[in-house]
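Colleague: no sequence for this one, just the structure:
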C-alpha cells in the first residue's frame, strides 16, 4: 500500500474521530453510541498500521485481493451497526407508545377530577 494512501486514510480517520468527539461535546450523540464509531475508527487505524498483515490474512482466507476482504469486513460491520441501531429504535418506539398511552390516561383522570370539582 502506498504511503500517500496510508497518510490520506489516517487523516480521514483522524477527521472522523474529531467529528465524533465534537458531536459528543455538543450533546448530539450519547457516549455509549459514539463508542461504536470510535471503535470502528481505531480498527481502521490498526489495519493501516499493520497493512502487510491484512495482505497475509486475506491470502490465507482465500480472497483474490485484500480489498475484497476489507470491503466484506466493512459491509459486515455496517450491517451490525444497522441492526443495533434498528433494535434501539424499536425499543424507543415501544417506550414512546407506552408513555403516550400513560399520558393520555393521566390527562383523562385529571379532566375527570376537574369536572367533578366543578359539579
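Modeller: Everything's here; your move. Only a predicted model underlies this, so the values are computations on that prediction, with no experimental measurement involved.
Colleague: can you list the domains in this structure?
Modeller: 1-49, 65-119 (automatic domain parsing).
Colleague: how about a markdown table for the ones you listed, with mean neighbour count, distance to residue 58 and mean pLDDT added?
Modeller: (Glycine included, C-beta is placed from N, CA and C.) Converted to a markdown table, the domains of the chain look like this (neighbours: other Cβ atoms under 10 Å; distance: least, Cβ to Cβ, whole Å; pLDDT from 0 to 100):
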| stretch | mean neighbour count | distance to residue 58 | mean pLDDT |
| --- | --- | --- | --- |
| domain 1-49 | 13 | 11 | 88 |
| domain 65-119 | 11 | 4 | 90 |
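Colleague: what's the closest of these to residue 56?
Modeller: domain 65-119 (9.1 Å; Cβ to Cβ).
Colleague: just checking the distance from the closest one to the centre of its chain.
Modeller: 16 Å (Cα atoms, centre = their mean, to the nearest Å).
Colleague: likewise for stretch 41-58?
Modeller: How far stretch 41-58 lies from its chain's middle: 21 Å, per Cα atoms, centre = their mean.
Colleague: same check, this time on stretch 32-44
Modeller: Taking Cα atoms, centre = their mean, the mean C-alpha location of stretch 32-44 is offset from the chain mean by 8 Å.
Colleague: for residue 55, find the nearest of the domains of the chain.
Modeller: Residue 55 lies closest, by Cβ to Cβ, to one member of those: domain 65-119, at 5.1 Å.
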